[in-house]
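> My questions concern the predicted model and sequence given below.
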Amino acid sequence: MVRSRTWALARGLFPVTVAVVAIAGCELVAATNRDLIPKSTTSATGTGGAGGSGGAGSATTATSTSTASGTSGAGGIECLHAATCPGTDSDCQKRTCEGNRCGFALEPVGTPTSKQLPGDCKREVCDAAGMAAIVNDDQDTLADANPCTVDLCAGGVPTYVPSPASAACNVDGGKVCDGANSCVGCIGKAQCGVSEACLDTKCISLTCLDMSLDAAETDVDCGGPACNPCGLGKACLLGADCASHVCASTCQAPSCTDGVKNGPESDIDCGGTSKCARCKGGSDCVNGSDCASGACFNNSCSGCADGILDGDETDVDCGGSHCPAKCGGGKSCITDLDCLSNACVVGFCN
């Protein structure tokens, strides 16, 4: 028997007439009439598809924003101010941000940097590449506090030449320069009084030349406050009465253990052409051969090998303008030139 049954399909939206055949207790669906499905339902489904297209539209908008950002990074805005640009500022170049692009502004060639060591006959200046360079500076002389020398620079090295003889000075009671770096009492009669004579660069009383033991002399024509010191074996009262500065009733020969500067020594019991030891840092000297370090600076030994901080060292036995050794990491420094790394940061070598 064939029965006609109406089912509600798709959540009761679509009424469909189905022909059903009953065969041996079973029902067999024979056909579906699709013309009865409302056309508006198909249109709604299409609209759903359009909604999907709307989703695609949102994706397109996101891609556009990303592209704008990429364009900005590639050739547009690199910076808003110089501090955000890569690199570091120095005395010779400064970071810039112009037209939203990073760059550097270079100081003019020859501009002095802030790292200068006064009196080293050199100058640190900016070069054409915005870097620091060391150049010789003949105007950067170092005064040696000796009025009888002229302070000069020669090839980037401090140099001292004698002042003209008779130039005025006032060191250790002297009056004129002797033309050999020393300030002395006289170089001729012109610097002495009427009753005096110039003898061995010292104005002395004429009684010191009369071949008699008189006035306050300790021996004939020597010793005492007015005459020149006495030679070896002459009578004396004080060390000052003797040329050797050593008095034991008579003037004694200089030695390397007498505790005074005498004979050829450049300082007490050291240096000079004596057979004494070379002098330690800070001792008086004439040239490098007087010093244990081999360096005489401003008539004072630079102690580049004496284990103490002396001379113009920035740290023990290193740095400064005269020690050959540069300082290692953590050692004190003034300029980059004091350091093995060539980098002095806040007073210490990197």
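Okay, I see it.

> Show me the contact partners of stretch 76-86.
94-97, 100-103 (Cβ atoms under 8 Å, 6 or more residues apart in numbering). In short, each C-beta sits where N, CA and C put it, glycine included.

> can you do 6 Å?
When contacts are defined by Cβ atoms under 6 Å, 6 or more residues apart in numbering, stretch 76-86 is touched by residues 95-97, 100-102.

> Apart from its chain neighbours, what residue comes closest to residue 227?
residue 208 (3.7 Å; Cβ to Cβ, 6 or more residues apart in numbering).

> From residue 217, how far out is the one you found?
7 Å (Cβ to Cβ, to the nearest Å).

> State the phi and psi torsions of the residue nearest to residue 227.
phi -80, psi 0 (degrees, to the nearest 10).

> What count of nearby residues applies to it?
For residue 208, the count of nearby residues is 23 (other Cβ atoms under 10 Å).

> Also residue 89?
Using other Cβ under 10 Å as the criterion, the residues surrounding residue 89 number 14.

> where does it land in three-state SS?
Assigned by DSSP: H, G, I helix; E, B strand; the rest coil, the conformation of residue 89 is coil.

> Let's verify residue 141: helix, strand, or coil?
coil.

> and the closest residue to it other than its chain neighbours, bridged to which residues?
Nearest non-adjacent residue to residue 141, counting by Cβ to Cβ, 6+ apart: residue 151, 4.3 Å away. Beta bridges link residue 151 to residue 160, judged by DSSP bridges.

> just the helices in the stretch 1-150 of the chain please.
Here the stretch 1-150 of the chain has its helices, by DSSP state H, counting those that start in this stretch, at 39-75.

> care to break this protein down by domain?
The chain is divided into the following domains under automatic domain parsing: 2-37, 82-126.

> Lowest mean pLDDT across those domains, which one is that?
Lowest mean pLDDT within these: domain 2-37, a mean of 41.

> Buried only: go through the contacts of stretch 76-86 for me.
Neighbour counting with 16 or more other Cβ atoms under 10 Å marks 95-97 as buried within the contacts of stretch 76-86.

> Just name the closest of these to residue 292, please.
Taking Cβ to Cβ as the measure, residue 292 lies nearest residue 95 of those, at 48.7 Å.

> Across the sheet, point out what pairs with the closest one.
Going by DSSP bridges, residue 95 is paired in beta bridges with residue 104.

> What ranges does the stretch 101-250 of the chain have for its strands?
Along the stretch 101-250 of the chain, counting by DSSP state E, counting those that start in this stretch, strands occupy 101-106, 122-126, 132-136, 149-154, 157-162, 176-177, 183-184, 196-199, 202-205, 247-248, 250-251.

> Mean neighbour count, those strands: which tops it?
Among these, ranked by average contacts under mean count of other Cβ atoms under 10 Å, first place goes to strand 176-177 (a mean of 24).

> Pull the distance from it to the chain's centre.
39 Å (Cα atoms, centre = their mean, to the nearest Å).

> what's near enough to touch the nearest residue to residue 280 once chain neighbours are set aside?
Leaving out its chain neighbours, the residue that sits closest to residue 280 by Cβ to Cβ, 6+ apart is residue 306, at 5.0 Å. The contact partners of residue 306, by Cβ under 6 Å, 6+ apart, come to 280-281, 292.

> Just the buried residues of those.
280-281, 292.

> How many neighbouring residues does residue 180 have?
Applying other Cβ under 10 Å, we find 11 residues neighbouring residue 180.

> let me fix that: residue 315
Other residues near residue 315 number 21, with proximity taken as other Cβ under 10 Å.

> That one pairs with what?
Beta-bridge partners, per DSSP bridges, of residue 315: residue 318.

> and it, what is it in contact with?
Here residue 315 is in contact with 327, 331-332 (Cβ under 6 Å, 6+ apart).

> Include distance to residue 251, pLDDT and secondary structure when you put those into a markdown table, please.
A markdown table is the format used below for these (distance: Cβ to Cβ, whole Å; pLDDT from 0 to 100; DSSP: H, G, I helix; E, B strand; the rest coil):
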| residue | distance to residue 251 | pLDDT | secondary structure |
| --- | --- | --- | --- |
| 327 | 48 | 95 | strand |
| 331 | 48 | 95 | coil |
| 332 | 47 | 95 | strand |
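
> which one of the residues you listed is nearest residue 227?
residue 332 (51.0 Å).

> My guess is the closest one contacts residue 316. True?
No - applying Cβ atoms under 6 Å, one finds residue 332 not in contact with residue 316, separated by 9.0 Å.
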